[in-house]
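In: need coordinates for the below:
(one chain, ligands or ions: 1)
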Amino acid sequence: MENQFRESKEIICTACPMGCHTVVERENNTLLVRGARCPRGERYVKEEADDPRRIVATTIKIQNGNIRRLPVKTSRPFPRDQIRALVQAISPLEVSAPVKRGEIIKSNLFGENIDLVATRDVPLKDKKKITHY
Ligand code: SF4
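Out: I've put the predicted structure just below:
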C-alpha cells in the first residue's frame, strides 16, 4: 500500500476585501484549495500554505536628519518565520541624512535577494526647524 500524507488548513484569503474562507489540503506534494472564488485567491492561499511571507516595515536611527527615525521596509515580502530575526538584525542599523525614498539601506537581507529600502526622503537637518516623531 502507498504511504499517503494528507493535511488540511483553514486560511482566510486576504488578497481582496471579499475575505473568502478557504481550506487548503495537501495530499503528498499536491495542494488543493476549496473555497477560493478566483484564481488570484487560489494562488495566494497556496503561497500562504507553502511559504508565507510579509512586507516588513520598521524604523531605524538616522543622524543629521530632520527626523530621528527613518521609516524603512523590505523591497518584497519576507519569509514570515524569519521576521523576528530580521527585525533584531535591522534594529542596530544607523544611517546619516540625506536619504532618498527608495534608497537601499541594506541589500540581500539574509541571502533572500530582498533589500531594506527607505520609504521617505530625509534631508539634512535644518537647525532652525527640528521635527520630532
Ligand atoms: S479568493 Fe478571490 S475573491 Fe476570494 S478573497 Fe481571495 S482574491 Fe478575493
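In: for the residue in the chain positioned nearest to the ligand, phi and psi?
Out: Residue nearest to the ligand within the chain: G41 (2.0 Å; C-beta to the nearest ligand atom). Bear in mind the C-beta positions are built from the backbone N, C-alpha and C, glycine included. Backbone geometry at G41, expressed as degrees, to the nearest 10, gives phi -70, psi -40.
In: how about it, what does it touch?
Out: Contact analysis of G41 by C-beta atoms under 8 Å, 6 or more residues apart in numbering lists 13, 15-16, 18, 20, 22, 33.
In: low-confidence bits of this structure, can you list those?
Out: 1-5, 127-133 (pLDDT under 70).
In: which residues of it lie near the ligand?
Out: When proximity is defined by C-beta under 6 Å from any ligand atom, the chain lies next to the ligand at 13, 15-16, 18-20, 36-38, 40-41, 44.
In: quick one: the residue most central in space within the chain and S8, what's the gap?
Out: In the chain, the residue lying closest to the centroid (C-alpha atoms, centre = their mean) is I55, at 1.6 Å. Per C-beta to C-beta, to the nearest Å, I55 is found 27 Å from S8.
In: can you check G102 too?
Out: Distance from G102 to S8, counting by C-beta to C-beta: 41 Å.
In: gap between G19 and L70?
Out: Applying C-beta to C-beta to G19 and L70 gives a distance of 33 Å.
In: more neighbours: these two, which one.
Out: Taking other C-beta atoms under 10 Å, G19 and L70 do not tie; L70 has more neighbours (23 against 10).
In: so what's that one up against?
Out: Here L70 is in contact with 59-62, 95, 99, 105, 118, 120, 122 (criterion: C-beta under 8 Å, 6+ apart).
In: what of R120?
Out: Counted by C-beta under 8 Å, 6+ apart, R120 has contacts 70-71, 101.
In: swap the cut-off to 10 Å and go again
Out: Going by C-beta atoms under 10 Å, 6 or more residues apart in numbering, R120 touches 67, 70-72, 99-102.
In: just the buried members of those residues?
Out: 67, 70-72, 99 (16 or more other C-beta atoms under 10 Å).
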